[in-house]
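>>> this is a predicted model, with the sequence first.
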Amino acid sequence: MAVHDMQQVELPSLPHWETTPDDLKAAIREIKPALRARIAASGRSVEEVFAVLEARIFDAVTEIEAARARGEEIWPAIDYADIEAGTVSAGQLDKLRRRGCLVVRGHFPHEQARAWDAAVVDYVERNRFFENYRGPGDDFFGSVGSKPEIYPIYWSTAQMEARQSERMATVQSLLNSLWQYDSEGVQWFDPDRDSLYPDRIRRRPPGSNSGGLGTHLDPGTLDLWMTEAYQKAFRHLFDGTIESYNPYDAAYRTAGPTYPGSTMCSAFRTFQGWTALSDMDHDQGVLHTVPIPEAMGYLMLRPLLSDVPEDDMCGVTTNQVFPASEKWHSLLLRAISGIPDVRAGDSVWWHCDMIHSVAPVHDQKGWGNVMYIPAAPWCPRNEAYAASVRDAFADGSSPSDFPAEHYERDWSGRFLPEQLNHIGRRGLGLS
Ligand SMILES: [Fe+2]
């Protein structure tokens with residue numbers, strides 16, 4: 001049957017849970033056969049559909065392995081100057097789209113980034129952060145010792161200057177424009193307006209030992225299979241049109257609910273990202289990704305195969321990160337690739353669905369300092385979250401996606417409303 005003929009077939013509808021199911025195992029036992037039945041009604045078995053995607057991913061994995069064997073850098077790198085001037089080549093854009101990750105060289109001047117790093121130190125020291133630090137507010141980024149690596153700090157001048165800078169907006173627009181954000185008569189997001197998603201800072205000192213973070217992904221957990229909006233967002237995986245699956249399709253991704261959890265992000269991010277505030281070598285406990293955006297489709301279909309227990313989604317459950325494992329995803333993990341050496345002022349980006357990890361490090365050389373700043377374009381979901389961000393900004397609270405630690409409420413030197421420029425105001429929904 002040709003792909004376009006399948007649209008004519010009436011496919012069985014899916015059960016859905018708009019909030020976390022009370023009985024997770026029961027919900028999994030209900031959704032799996034329903035997804036299989038929907039795929040089967042389209043004329044192909046789950047195994048056939050999975051094989052189509054697996055072949056596509058196998059090609060990407062072997063291409064990456066061959067490039068690595070030739071000594072090529074896997075992560076694309078683009079100079080900020082080319083992004084600003086509009087002179088990024090078609091070849092560079094193609095590699096960015098295929099790999100779904102990017103280093104922006106010289107996103108900010110080196111001295112600017114070093115000054116921001118020093119300003120963060122001044123901000124936390126003058127407000128006696130280390131004396132008052134009460135330990136990790138969550139255990140996701142558990143840190144060893146009394147000094148944190150992850151600072152639950154959101155409202156420093158350095159962070160806000162970077163978030164509302166023209167340079168940040170320029171890069172976010174380029175990354176957003178890789179997505180298909182206009183379809184079915186809906187503009188799903190505005191690629192040229194960011195919502196300034198406030199996140200934390202990491203400062204990892206020389207000599208650090210860190211166990212790193214295992215391979216995982218961040219966009220959701222069981223909600224990815226179980227809410228109506230995500231079922232529509234991933235419709236091509238489940239309706240016999242796997243050939244049309246596009247990891248950059250924003251349709252139905254920007255308004256639906258997500259299941260709460262300590263690792264949840266309320267915002268829709270096209271790309272996650274951070275800006276380096278120190279030079280970091282590639283072998284000092286840095287970020288790795290599986291640089292294949294389509295791998296998300298593999299992760300979504302894999303639990304439907306018959307070798308996975310009927311009440312198991314390859315280990316995915318609520319309130320924990322979505323794991324990618326050697327047991328179920330060994331093909332994908334062959335492609336895992338670390339960032340190259342980066343300098344203070346470079347920024348690093350990866351597609352929001354992408355598998356990533358942080359390598360362990362022993363006796364780290366140099367600092368490992370970053371500000372987490374993603375691309376979170378204006379859309380219904382981000383507009384709703386921006387309301388709580390405005391409140392948090394107004395009184396220096398921790399944003400509602402993060403533990404309620406509120407260190408900055410009575411701090412001096414916080415970024416002030418009168419320091420907002422037009423990008424900052426529109427990002428907070430103030431203009
Ligand atoms: Fe993550």
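Alright, I've got the coordinates. Residues are numbered from 1 along each chain as shown.
>>> so what's the residue sitting nearest the centre point of the chain closest to, chain neighbours aside?
Taking C-alpha atoms, centre = their mean as the criterion, Cys352 is the residue nearest the geometric centre of the chain, at 3.2 Å. Counting by C-beta to C-beta, 6 or more residues apart in numbering, Arg269 is the residue found nearest to Cys352 once chain neighbours are left out, at 4.6 Å. The way it works is simple: take the backbone N, C-alpha and C, and place the C-beta from them, glycine included.
>>> list the buried residues for stretch 236-246?
Buried residues in stretch 236-246, counting neighbours by 16 or more other C-beta atoms under 10 Å, are found at 236-242, 245.
>>> nope, stretch 295-307 is what I was after
Burial within stretch 295-307, assessed by neighbour count using 16+ other C-beta under 10 Å, is assigned to 295-304.
>>> pLDDT check: weakest of the buried residues of stretch 236-246?
Note: of the buried residues of stretch 236-246, the lowest pLDDT belongs to Gly240, at 91.
>>> once you drop chain neighbours, what's closest to Tyr248?
Of all residues not flanking Tyr248 in the chain, Trp179 sits nearest, at 4.5 Å (C-beta to C-beta, 6+ apart).
>>> next SSE downstream of the helix or strand of the chain with the lowest mean pLDDT?
One helix or strand of the chain scores below all others by mean pLDDT, DSSP states H and E: helix 129-132, with a mean of 92. Sequence-wise, the next helix or strand downstream of helix 129-132 (DSSP states H and E) is strand 150-151.
>>> elements contacting that following strand?
Under the contact definition 3 or more C-beta pairs under 8 Å, 6 or more residues apart in numbering; DSSP states H and E, strand 150-151 sits against strand 201-204.
>>> just the CA trace of the strand it packs on, in CSV.
Provided in CSV are the C-alpha atoms of strand 201-204 (Å, rounded to 0.1, in the frame of the first residue of the first chain):
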residue,chain,number,x,y,z
ILE,A,201,24.6,28.2,36.4
ARG,A,202,27.2,25.5,36.7
ARG,A,203,30.7,26.3,38.0
ARG,A,204,32.9,23.3,38.4
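>>> what is the mean pLDDT for that strand?
Average pLDDT, strand 201-204: 96.
>>> just checking: what are the partner strands of the helix or strand just after it?
Following strand 201-204 in sequence order, the next helix or strand is strand 213-217 (DSSP H and E). Strand 213-217 has these partner strands in its sheet, going by DSSP bridges: strand 322-323 (antiparallel), strand 356-358 (antiparallel).
>>> mean confidence for the following helix or strand past strand 213-217?
Of the helices and strands lying after strand 213-217 in sequence (DSSP H and E), the nearest is helix 223-226. Averaged across helix 223-226, pLDDT comes to 98.
>>> who are the packing partners of helix 223-226?
Here helix 223-226 touches helix 24-41, helix 228-233, going by 3+ C-beta pairs under 8 Å, 6+ apart.
>>> just checking, what packs against the last one?
Translated: helix 228-233. Under the contact criterion of 3+ C-beta pairs under 8 Å, 6+ apart, helix 228-233 touches helix 223-226.
>>> which ones among the buried residues of stretch 236-246 are found in helices?
236-238 (DSSP state H).
>>> which one is Lys25 nearest to, not counting chain neighbours?
In this structure, Lys25 finds its nearest non-sequential neighbour in Asp311, 4.3 Å apart by C-beta to C-beta, 6+ apart.
>>> ok, now which ones touch the one you found?
Each residue near Asp311 by C-beta atoms under 8 Å, 6 or more residues apart in numbering is listed here: 25, 28-29.
>>> gap between it and Leu11?
Computed as C-beta to C-beta, to the nearest Å, the Asp311 to Leu11 distance reads 24 Å.
>>> beta partners of Pro377?
Asp194.
>>> neighbours around it, how many?
Number of residues near Pro377 (other C-beta atoms under 10 Å) recorded here: 28.
>>> give me the pLDDT for it.
Looking at Pro377, its pLDDT stands at 98.
>>> over to Pro136?
Note for Pro136: predicted pLDDT of 77.
>>> quick check: it vs Trp116, distance?
Applying C-beta to C-beta to Pro136 and Trp116 gives a distance of 24 Å.
>>> give me the more crowded residue out of these two.
Using other C-beta under 10 Å as the criterion, Pro136 and Trp116 rank with Trp116 on top: 24 against 16.
>>> pull the contacting residues for the more buried one.
Trp116 touches 108, 158, 161-162, 277, 371, counting by C-beta under 8 Å, 6+ apart.
>>> report the buried residues of the helix or strand hosting it.
If you go by DSSP H and E, Trp116 is part of helix 110-126. Residues of helix 110-126 classed as buried: 112-117, 119-120, 123-124 (neighbour count, 16+ other C-beta under 10 Å).
>>> ok, stretch 311-320 next?
In stretch 311-320, counting by 16+ other C-beta under 10 Å, buried: 313-314, 316-318.
>>> as JSON lines, those residues with distance to Val61, secondary structure and pLDDT would be great.
Shown next, in JSON lines, are the buried residues of stretch 311-320 (distance: C-beta to C-beta, whole Å; DSSP: H, G, I helix; E, B strand; the rest coil; pLDDT from 0 to 100):
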{"residue": "Met313", "distance to Val61": "23", "secondary structure": "coil", "pLDDT": "98"}
{"residue": "Cys314", "distance to Val61": "18", "secondary structure": "coil", "pLDDT": "98"}
{"residue": "Val316", "distance to Val61": "22", "secondary structure": "coil", "pLDDT": "96"}
{"residue": "Thr317", "distance to Val61": "27", "secondary structure": "coil", "pLDDT": "94"}
{"residue": "Thr318", "distance to Val61": "30", "secondary structure": "coil", "pLDDT": "93"}
